[in-house]
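In: Sequence below, structure please.
(6 chains)
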6 protein chains.
Amino acid sequence: MIEYQAFRVELKDKVAHVAINRPDKVNAMNAAFWSEIVEIFRWIDETDEVRVVVLSGEGKHFSAGIDLQLLAQAATQMGADVGRNAERLRRQILTLQASFNAVDNCRKPVIAAIQGYCIGGAIDLIAACDMRYCTLDAQFSIKEIDMGMAADVGTLQRLPRIIGDGMMRELAYTGRAVDGREAQAIGLVNRTYADQPELMTAVFELASDIAAKSPVAIRGTKEMIRYMRDHRVDDGLEYIATWNAAMLQSADLKVAMAAHMSKQKPDFAD
Amino acid sequence: MIEYQAFRVELKDKVAHVAINRPDKVNAMNAAFWSEIVEIFRWIDETDEVRVVVLSGEGKHFSAGIDLQLLAQAATQMGADVGRNAERLRRQILTLQASFNAVDNCRKPVIAAIQGYCIGGAIDLIAACDMRYCTLDAQFSIKEIDMGMAADVGTLQRLPRIIGDGMMRELAYTGRAVDGREAQAIGLVNRTYADQPELMTAVFELASDIAAKSPVAIRGTKEMIRYMRDHRVDDGLEYIATWNAAMLQSADLKVAMAAHMSKQKPDFAD
Amino acid sequence: MIEYQAFRVELKDKVAHVAINRPDKVNAMNAAFWSEIVEIFRWIDETDEVRVVVLSGEGKHFSAGIDLQLLAQAATQMGADVGRNAERLRRQILTLQASFNAVDNCRKPVIAAIQGYCIGGAIDLIAACDMRYCTLDAQFSIKEIDMGMAADVGTLQRLPRIIGDGMMRELAYTGRAVDGREAQAIGLVNRTYADQPELMTAVFELASDIAAKSPVAIRGTKEMIRYMRDHRVDDGLEYIATWNAAMLQSADLKVAMAAHMSKQKPDFAD
Amino acid sequence: MIEYQAFRVELKDKVAHVAINRPDKVNAMNAAFWSEIVEIFRWIDETDEVRVVVLSGEGKHFSAGIDLQLLAQAATQMGADVGRNAERLRRQILTLQASFNAVDNCRKPVIAAIQGYCIGGAIDLIAACDMRYCTLDAQFSIKEIDMGMAADVGTLQRLPRIIGDGMMRELAYTGRAVDGREAQAIGLVNRTYADQPELMTAVFELASDIAAKSPVAIRGTKEMIRYMRDHRVDDGLEYIATWNAAMLQSADLKVAMAAHMSKQKPDFAD
Amino acid sequence: MIEYQAFRVELKDKVAHVAINRPDKVNAMNAAFWSEIVEIFRWIDETDEVRVVVLSGEGKHFSAGIDLQLLAQAATQMGADVGRNAERLRRQILTLQASFNAVDNCRKPVIAAIQGYCIGGAIDLIAACDMRYCTLDAQFSIKEIDMGMAADVGTLQRLPRIIGDGMMRELAYTGRAVDGREAQAIGLVNRTYADQPELMTAVFELASDIAAKSPVAIRGTKEMIRYMRDHRVDDGLEYIATWNAAMLQSADLKVAMAAHMSKQKPDFAD
Amino acid sequence: MIEYQAFRVELKDKVAHVAINRPDKVNAMNAAFWSEIVEIFRWIDETDEVRVVVLSGEGKHFSAGIDLQLLAQAATQMGADVGRNAERLRRQILTLQASFNAVDNCRKPVIAAIQGYCIGGAIDLIAACDMRYCTLDAQFSIKEIDMGMAADVGTLQRLPRIIGDGMMRELAYTGRAVDGREAQAIGLVNRTYADQPELMTAVFELASDIAAKSPVAIRGTKEMIRYMRDHRVDDGLEYIATWNAAMLQSADLKVAMAAHMSKQKPDFAD
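Out: Here you go, the predicted structure:
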């Protein structure tokens, strides 16, 4: 297993566990974080054995968002020409966004397990995951507004597809904290748990359940839901028809059918 | 009234009742089902007297989804060339999709009344209806994942517009069962009822209520909501302006206004 | 302060209070209403001092929607040629829509505070606001259906982005009344309050909170959420990158950072 | 071969020849025309042996467009209510459009061969074909403007993708006649020929050439070009990747490769 | 007739002639130009008698584009904060764009007649017109590139729909001059004329021809072509069906039909 | 300068010359080609000194397209499961596409200089460039159709935006060769030259001309034209307004203005 500075990564029983691993810094997202996450998700995408991903944060909190030192450092690189600064900033933002696009575009489902603070950039991150589960005492906040800026690595783009429009605006304009119970009520997380051990147990059970399904079917399902976030119903219908034109010729249907007939658990190839 | 193999169809007081009628097969969707549903909804579309549709399933369950014999049969038609198989499969999927598009595109509102199992293809079907109501013991499951395939007749395309993104993915990846109460909580159904008689009474009352409105106004309203699922707000505003340019010249406004003034129930032409 | 016939407008502590002011007519939307609202929101857009808007209705009710005299008057302008009538109607509808587009496109957040009736055109209006809060006894109804017409000034276009698709259709087809509690449950309002004084206190506190944030950041945030209602995630990411390329060069980030370090409240320029 | 009232249809050497066959009526499009063309193209789509279609008109002219009797007849069906008339008209137009959509959506390439008049509805028709070739004395005119109406069965939708925007508007506003030479200069036709025998010889040679290619590859190519008329480049790239994921597993690539190596003509299965 | 500072406007025989009237300044676009053009086109849109517009430039040249004084003046308004400057600039650009959107969105066809220089902002302007005609010695240049900026009032948005992509980029990157003959070859203008008198005669003949058509049909045709610039073919087909649902009930069809039968010129109401 | 296997790359006077350098293999695109082109264009994007790119082929021909050995090798990697093969193929195609996306998305203009064969994948490549210039004896052919496949690395996606729809289909269905003169007539190239020396002289003059412009303005211009290929006019107008909100604060406008006043050549910073 490769060593990472900002993450701990494990693969067990077809589930990859990706944990942000800077607990003494409240898992703040430093330079290593932003580049390593791309490598990790490239590895996940290319490794057939990985079927599901659990994303969590070590320690008491999920993550406090972007490391303020990184922002401060970016500020020092400004030159005299506004136009050229703008070009540089634009490309830096696009690069940061690419780190979370790697999560969003990952072919395998990514489950976020959240406890404690989930703030600023951490919201951008979990909005790029497939599903979110948290402890009751989790605390979500779109903190960018208090840094004097509009969030620019995904929260404002992906969260409106996940929670309602009205509450989305309230949270984005005020940056107020949302706890686990409210997070579930507004659809930000699927379920809450009493504490972190319960949360992790539940999340890994869910991950195991998904890992036992046909990986071809799971990948197709994820691709279709991702596609529908941005496309028309008629385009989506045509796309799944084209996709399944190949995938229904896979052996997985026969494996599933045989298991269904014999009332046994199917065993799908990676 | 035309006789159907897979359905029972009745028209009474401007409400068409379309019931899947294979209770001994858990209303599984066989070949007759897929072709008859197109005919039935063409008739509904063309028959001015029909103003609202109630879609239900005979017996203890709404429907167990696609008839597995149909899938097995499709499998036997595979030839040696992967490319030509793909073309054939693609067109078969498009044909199945067209059956549910007929429901979705129907100019009259379609209300689904669901009890017991609502599984696999049955979810694709109710996702193409306007509104859904169920008994408390209804059981919803995106079962395709356990057949080793991504759902391809509408669930993955239409359901993300109806329930939240996070829960959508959980249900599609796991195929787990959802009961009536949870279905209401996540927005899959509008309301639940204690048992089927209560459900049917409530649904037909709702249908009657809608049937008493101006059919011109109901059709325009449905078309606009359908349109907004896939279009921009500015396009939608322009579309309703163009639509109402003709429809506001209808007599129904005067009928409605006169009824409003005289505090009587309006009586709109078909 | 300019005098308006249909509104009362006040600016205090960076919050503009726009109140529909025809309480004896249940705040019905007359000709003055439709033109003055455009002027008011142009003034809001151009006045740097205004950072947030509260929109409310004087008296017992928020608003009963469009003034029926206005509809009756439009009916009298019909000529003999259906085509030319259609053109005229189409342009009149587009003009009415423009009044609420002015609210939707306003660069500053607009908070609706609703008590009593919120009916017909009033739903179109609040759907164009950023967020909605109401009293428990508020009563919402998409009343256009009972006028024999499809709603055409925004409800059918904007509300499906705010509440769920299934309930959207039920409310639009039946026009049935929804009270405060249900409105919150379906996401139509963010929160309910016991009575109007409580509502107004809460709404102005929220407005003050937002008014204290960086106006550059608030405007960017609103623009991004508005944009995402109609655009793809990838387009949205590119748009915020381009937007922030300029805005991250604003002094507001330094002001915010300095305040954060010194644990004091930041003070942003208009 | 099935008999048609408005067409003569032949299948020879994998090329279907569909000729409008009402030369004494200048091939005006009557009721039979509009329904038969749907049947014919369904047959083409489902008949593996057909690989390419040539569409032409018998006699001195390609076609004078919609039969005016049909328009006159539609006028007589108008009722008293403008709204209900509008609904009926809207559906009639959609039905007429569906006839030409059948041409546009046909999986096999459709080549139009045009001599003499090609007027009104005939322009809508050829705009739905893949390619157009004509004699020098062909005469094209968007004649609907002189009937007091905007063309509504495809010209205004498809032609702007074929010819330049500026000339498109001139022709649509004036209805002026364009001869073969100008038609080629503006991209309306690919090539012109001295007379009809030359035209038909050239068109059938082209058809034969295409019929000898891999039908899997031709269909994929057509689908992709059709798709790009309305979609983004990135969506198109993803779509062809998904499509070819199945199609590159076809035997046709090996057949083509073997023929290439042996410098012989490949022979592809239908 | 209203007096304008930057224009001369005449209405004769249903054709409005809008001439930029600052010949001694090479018709450079000053502050008056940008605001008056909005007023003029609002008047055109609202005046039924106007059916077609001819847009030209007084003197030897069509226009040298934006008045450099205006740019210089904008530069002086810059404050210290880059973010607030950016907001102000963004809104100024949107305001300038709105001036040419008024031309683009005008319901009546707008014909540009161009002689001599047509440079910078003048290209943005003619790209917003329906059709363009010029003298042989006309000289087109996307001059913004030599001002150190990307053109931002429409050239880069509208011209790629009019001329080919490859040549579009060459002209936009180099700003090189294009004469009348080349302009016609690349589709920038529909036709060239030896000198200005010939040009104006031809353009007014064309305008008269269009003015004699059904105004309902002309407006529908323009709306559809404008719509197709940005929409899908299927959306366009649905839009014209909805549009014509009203417009085919206009008297203009009967007038046209009667004129056709009696072989006389039809006379359509405004 | 880095050494490449498939390319020769030079940077001189702000123009990067990228030459495919396998003349003895007719510049066929081998594995090195597909990966090196990504690196080269990343370097171009990140190197401020490079302002324009010239892309050419060493020897008598531009390029014969993809190396058939690469295709043969891909074929050998096929496994037993059609579904898993499909997933692998889909990802391989996406990877190949990414190589040409690197050209398309490059922030600096890319000019293709073509002599001799430009076949199959070479068409996909030049379709991703900004502009194309060729010798009279150049020979273009969409050769994929003769390999039994639909072109899948960009030709079918990008070429329809460059040449007309009708001719696009003819060339894609038949694979017939197009020479320089016809290529210019259909808009595939901007201009033709008698032989390669003339071609290269002209192309480098053009490159120099563009390299002397403001790089900020050139990049904005390219981004806008690229954007308009896939977006609406109104979105494009908003995008350039947001873009120029920053870029008009660049020093380049002042440099350009000063040069304009003093009638000297401006000198822009990289």
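
In: ok, how many other residues are close to A:Gln69?
Out: Using other CB atoms under 10 Å in any protein chain shown, A:Gln69 has 12 other residues around it. To be clear about C-beta, it is placed using only N, CA and C from the backbone, and glycine gets the same treatment.

In: Next: A:Ala259.
Out: A:Ala259, neighbours per other CB under 10 Å, totals 17.

In: helices or strands up against the helix or strand encompassing it?
Out: Using DSSP states H and E, A:Ala259 falls within helix A:252-262. If contacts are counted by 3 or more CB pairs under 8 Å, 6 or more residues apart in numbering or on different chains; DSSP states H and E, helix A:252-262 sits against helix A:215-228, helix B:68-76.

In: hmm, stretch A:72-81 in reach of chain F?
Out: Yes: Stretch A:72-81 reaches chain F (CB under 8 Å from any CB of the partner chain) through A:Ala80, A:Asp81.

In: which residues touch stretch A:5-18?
Out: Residues from elsewhere that reach stretch A:5-18 (CB atoms under 8 Å, 6 or more residues apart in numbering or on different chains): A:1-2, A:19-22, A:29-30, A:32-33, A:36-37, A:40, A:44, A:47, A:49-56, A:58, A:108, A:204, A:207-208, A:211, A:270.

In: how about 7 Å then?
Out: Stretch A:5-18 is contacted from outside by A:1, A:19-22, A:30, A:32-33, A:36, A:40, A:44, A:49-55, A:58, A:204, A:207-208, A:211, using CB atoms under 7 Å, 6 or more residues apart in numbering or on different chains.

In: Near chain B, which residues of the stretch 51-200 of chain A? Just list them.
Out: A:Pro109, A:Asp130, A:Met131, A:Arg132, A:Arg161, A:Ile162, A:Gly187, A:Asn190 (CB under 7 Å from any CB of the partner chain).

In: Just the C-alpha atoms of the host helix or strand of the fourth one, please, in CSV.
Out: Right, A:Arg132. Using DSSP H and E, A:Arg132 maps to strand A:131-135. Extracted in CSV, the C-alpha atoms of strand A:131-135 (Å, rounded to 0.1, in the frame of the first residue of the first chain):
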residue,chain,number,x,y,z
MET,A,131,-24.1,9.3,-0.4
ARG,A,132,-23.5,10.8,3.0
TYR,A,133,-24.1,9.4,6.6
CYS,A,134,-23.2,11.1,9.8
THR,A,135,-23.3,11.1,13.6
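
In: roughly how far is it from the heart of the chain?
Out: Here strand A:131-135 is found 11 Å from its chain centre; the criterion is CA atoms, centre = their mean, to the nearest Å.

In: Next, the buried residues of that strand.
Out: Across strand A:131-135, burial judged by 16 or more other CB atoms under 10 Å in any protein chain shown covers A:Met131, A:Arg132, A:Tyr133, A:Cys134, A:Thr135.

In: Same question for stretch A:59-74.
Out: A:Gly59, A:His61, A:Phe62, A:Ser63, A:Ala64, A:Gly65, A:Ile66, A:Asp67, A:Leu70.

In: For chain F, state which of the residues you listed is nearest.
Out: A:Leu70 (20.0 Å; CB to the nearest CB).

In: Give me the distance between the residue nearest to A:Tyr4 when sequence neighbours are not counted and A:Arg8.
Out: Of all residues not flanking A:Tyr4 in the chain, A:Glu36 sits nearest, at 4.9 Å (CB to CB, 6 or more residues apart in numbering or on different chains). To A:Arg8, A:Glu36 is 11 Å away according to CB to CB, to the nearest Å.

In: In terms of neighbours, single out the busier of the two.
Out: A:Glu36 (21 against 14).

In: Regarding the more buried one, which helix or strand does it belong to?
Out: If you go by DSSP H and E, A:Glu36 is part of helix A:31-46.

In: any idea how far that helix is from the chain center?
Out: The answer for helix A:31-46 is 12 Å, by CA atoms, centre = their mean.

In: Name every strand pairing with the very next helix or strand once past that helix and say which way it goes.
Out: Once the chain leaves helix A:31-46, the next helix or strand it forms, by DSSP H and E, is strand A:52-57. Next to strand A:52-57 in the sheet, as set by DSSP bridges, lie strand A:15-20 (parallel), strand A:110-114 (parallel).

In: Tabulate these in JSON lines, adding columns for mean neighbour count and mean pLDDT.
Out: Formatted as JSON lines, the strands paired with strand A:52-57 follow (neighbours: other CB atoms under 10 Å in any protein chain shown; pLDDT from 0 to 100):
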{"stretch": "strand A:15-20", "mean neighbour count": "23", "mean pLDDT": "98"}
{"stretch": "strand A:110-114", "mean neighbour count": "27", "mean pLDDT": "98"}
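
In: Show me the one of these that comes nearest D:Ser99.
Out: Minimum separation from D:Ser99 across these (CB to CB) falls at strand A:110-114, 47.7 Å.

In: Return the alpha-carbon coordinates of that closest one using CSV.
Out: Provided in CSV are the C-alpha atoms of strand A:110-114 (Å, rounded to 0.1, in the frame of the first residue of the first chain):
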residue,chain,number,x,y,z
VAL,A,110,-18.1,6.7,-2.7
ILE,A,111,-19.7,6.8,0.7
ALA,A,112,-18.9,9.7,3.0
ALA,A,113,-18.9,9.0,6.8
ILE,A,114,-19.0,12.2,8.7
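
In: I'd like to know which of the contacts of stretch A:5-18 are buried.
Out: Neighbour counting over those (16+ other CB under 10 Å) leaves A:19-22, A:30, A:33, A:36, A:40, A:44, A:50-55, A:58, A:204, A:207, A:211 as the buried ones.

In: Tell me the residue of the stretch 101-250 of chain A that sits nearest chain F?
Out: The nearest approach of the stretch 101-250 of chain A to chain F comes at A:Ser250, 2.4 Å away (CB to the nearest CB).

In: Quick check: chain neighbours aside, which residue is closest to that residue?
Out: Distance criterion CB to CB, 6+ apart; nearest residue to A:Ser250, sequence neighbours excluded, is F:Gly83 at 2.4 Å.

In: cool, and A:Asn85?
Out: Leaving aside its sequence neighbours, A:Asn85 sits nearest to A:Met78 (CB to CB, 6+ apart; 5.2 Å).

In: Hmm, the one you found is touching A:Glu87, no?
Out: No: assessed by CB atoms under 7 Å, A:Met78 is found out of contact with A:Glu87, at 11.8 Å.

In: Check the gap between the residue lying closest to A:Ala28 once chain neighbours are set aside and F:Lys108 for me.
Out: Residue nearest to A:Ala28 in three dimensions, not counting chain neighbours: A:Asp67, with 4.2 Å by CB to CB, 6+ apart. A:Asp67 is 33 Å from F:Lys108, where distance means CB to CB.

In: do A:His61 as well
Out: A:His61 sits 44 Å away from F:Lys108, taking CB to CB as the criterion.

In: helix or strand for A:Met149, which one?
Out: Under DSSP H and E, no helix or strand contains A:Met149.

In: For it, give me its contacts.
Out: Neighbouring residues of A:Met149 by CB under 7 Å, 6+ apart: C:Ala217, C:Asn244, C:Met247, C:Leu248, C:Leu253.

In: and the least confident helix or strand in chain A by mean pLDDT with helix A:31-46, angle?
Out: Lowest on mean pLDDT, DSSP states H and E among the helices and strands of chain A sits helix A:68-76, with a mean of 83. With axes from the mean of the first three to the mean of the last three CA atoms, to 10 degrees defining the directions, helix A:68-76 sits at 110 degrees from helix A:31-46.
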